[in-house]
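Visitor: Structure, please.
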Amino acid sequence: MFVFSSKTQVNKKFRFQELFKLMSADKAVRADAKTVLSVTLTNVLSSDTLNLSASGKVKEIYVFDIELSSKTIPTLFISSLDKAINLNTMFLLHHDGKEMLYGAYKERTDKCVKIGKYYGTDWKDQSEQIIVPLDATSLDEIYKAMIGTLIPLSADDEEDTGDFVARYEQVTKLKKEIDKLQSRVDAEKQSKKRFELNEQLKQMKKELEEIC
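Guide: Alright, predicted model coming up:
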């Protein structure tokens, strides 16, 4: 799906026992891995491999290809692997000529690595390509663009990846609240109460428009 510089290519295929050891995998993780046919570290994006500035929050991005025997996503296996890697990651899942991008916003702090909610694209033909921004000046920008492919919302130029993801989560939450309130409006029989609910609905829709 992504098109990277050849300098970033690694193509290291992992043995499952090697991964299980790295992950300290329990029975549940091993069971979840039954649909996983192979795991390959395809690319390592770094300041050296991309000739970019080393400043910023993102130091390296590991891109993994995971071949699956079905379209069922091994969420527990992937999240366990993600937790075992103290770097930013992105996962490209493959099955039967289709692929999907899957990942979560990952923020490294001095004490730990925080992993957010996982998002994924639809399954697409493997011929579809996404080219990493050629005008990117840092790994932070590239990571933001990669996360942006998972989220149906446009990122503002001035916001960092964490703020972008937080805004999307706010949008998602507000949309659910609007749907619930709309159902209440539709079901309300008293005109006065219906008017009050409609006013609330207008305010929420205005707020949604402002943050989108």
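Visitor: longest helix anywhere in this protein?
Guide: When the chain is parsed with DSSP state H, its longest helix is helix 161-187.
Visitor: For residue 111, give me its contacts.
Guide: If a contact means Cβ atoms under 8 Å, 6 or more residues apart in numbering, then residue 111 has no contacts. Heads up, the C-betas are built off the backbone N, CA and C, glycines and all.
Visitor: Let's verify it: helix, strand, or coil?
Guide: Judged by DSSP: H, G, I helix; E, B strand; the rest coil, the three-state class of residue 111 is coil.
Visitor: For the protein, just list every one of the helices.
Guide: 16-23, 27-32, 47-50, 75-84, 139-148, 161-187, 191-211.
Visitor: Output these in JSON lines, with mean pLDDT and mean neighbour count appended to each entry.
Guide: Output for the helices of the chain, formatted as JSON lines (pLDDT from 0 to 100; neighbours: other Cβ atoms under 10 Å):
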{"stretch": "helix 16-23", "mean pLDDT": "96", "mean neighbour count": "14"}
{"stretch": "helix 27-32", "mean pLDDT": "97", "mean neighbour count": "14"}
{"stretch": "helix 47-50", "mean pLDDT": "90", "mean neighbour count": "16"}
{"stretch": "helix 75-84", "mean pLDDT": "97", "mean neighbour count": "19"}
{"stretch": "helix 139-148", "mean pLDDT": "92", "mean neighbour count": "21"}
{"stretch": "helix 161-187", "mean pLDDT": "96", "mean neighbour count": "15"}
{"stretch": "helix 191-211", "mean pLDDT": "95", "mean neighbour count": "12"}
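Visitor: Run through the residues that contact residue 85.
Guide: residue 62.
Visitor: and of the helices of the chain, who's closest to residue 113?
Guide: Nearest of the helices of the chain to residue 113, taken as Cβ to Cβ: helix 75-84 at 7.6 Å.
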